[in-house]
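Student: A predicted structure for the sequence below; I have some questions about it.
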Amino acid sequence: MAELVAGLRLLVVEDEALVAMLIEDILLDLDCVVIGPVGTVAQALALLHVEEIDGALLDVNLGGGERSYPVADALAARDVPFIFVTGYGETGVERRYAPVTVLQKPFDPRSLERVVADDLAGSSAKPARAGRR
């Protein structure tokens, strides 16, 4: 699986430091390039203007009641695949994002590896774009 994702530049938007470090460690073990992690919409949007992004992992609920949907919209507009990572499951994601893969917290490293490979790697495996599945 690592060969499918090696070299991918993945944005990580996660406000909980321990979860962000876990995601980063797993992605680095897969030889991905981690952009971030960042914990706010403003930080994520700023990175989108200066970094080349192949995909993203977005925590839905960020600190202070902020949601990552503006980042998801910006990624979708650029045709960049993303997945949601949330403790609330699919019910915690707005209906308009129903086609987007949701990884439920807590997750094991293999689950994260699988969704990154299935949804963020390769031109034939990018169904995580808003509006596609």
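Tutor: Looks like it arrived, so ask away.
Student: Name the helix or strand for residue 7, please.
Tutor: Remark: residue 7 resides in no helix or strand, with elements defined by DSSP states H and E.
Student: Need the CA coordinates for the lowest-mean-pLDDT helix or strand in the chain. PDB is fine.
Tutor: Taking mean pLDDT, DSSP states H and E as the measure, the helix or strand of the chain with the lowest value is helix 2-5, at a mean of 81. Taking only C-alpha atoms (Å, rounded to 0.1, in the frame of the first residue of the first chain), the coordinates of helix 2-5 have been written out as PDB:
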ATOM      1  CA  ALA A   2       2.900   2.400   0.800                       C
ATOM      2  CA  GLU A   3       4.000   2.300  -2.800                       C
ATOM      3  CA  LEU A   4       0.600   3.800  -3.900                       C
ATOM      4  CA  VAL A   5       0.900   6.800  -1.600                       C
END
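Student: Pull out the buried residues from that helix.
Tutor: For helix 2-5, burial by neighbour count (16 or more other Cβ atoms under 10 Å) applies to residue 5. Every C-beta, even on glycine, is put in place using the N, C-alpha and C of the backbone.
Student: and what of stretch 34-42?
Tutor: Buried residues in stretch 34-42, counted by 16+ other Cβ under 10 Å: 34, 35, 36, 37, 38, 39, 40, 41.
Student: before we move on, the earlier item: from the chain's centre, how far out does the least confident helix or strand of the chain sit?
Tutor: For helix 2-5, the gap between its own C-alpha mean and the chain's C-alpha mean amounts to 16 Å (Cα atoms, centre = their mean, to the nearest Å).
Student: Next: stretch 82-91.
Tutor: Between the mean C-alpha location of stretch 82-91 and the chain-wide mean there is a distance of 10 Å, by Cα atoms, centre = their mean.
Student: Quick one: end-to-end length of it, please.
Tutor: With Cα to Cα, to the nearest Å as the measure, the ends of stretch 82-91 fall 18 Å from one another.
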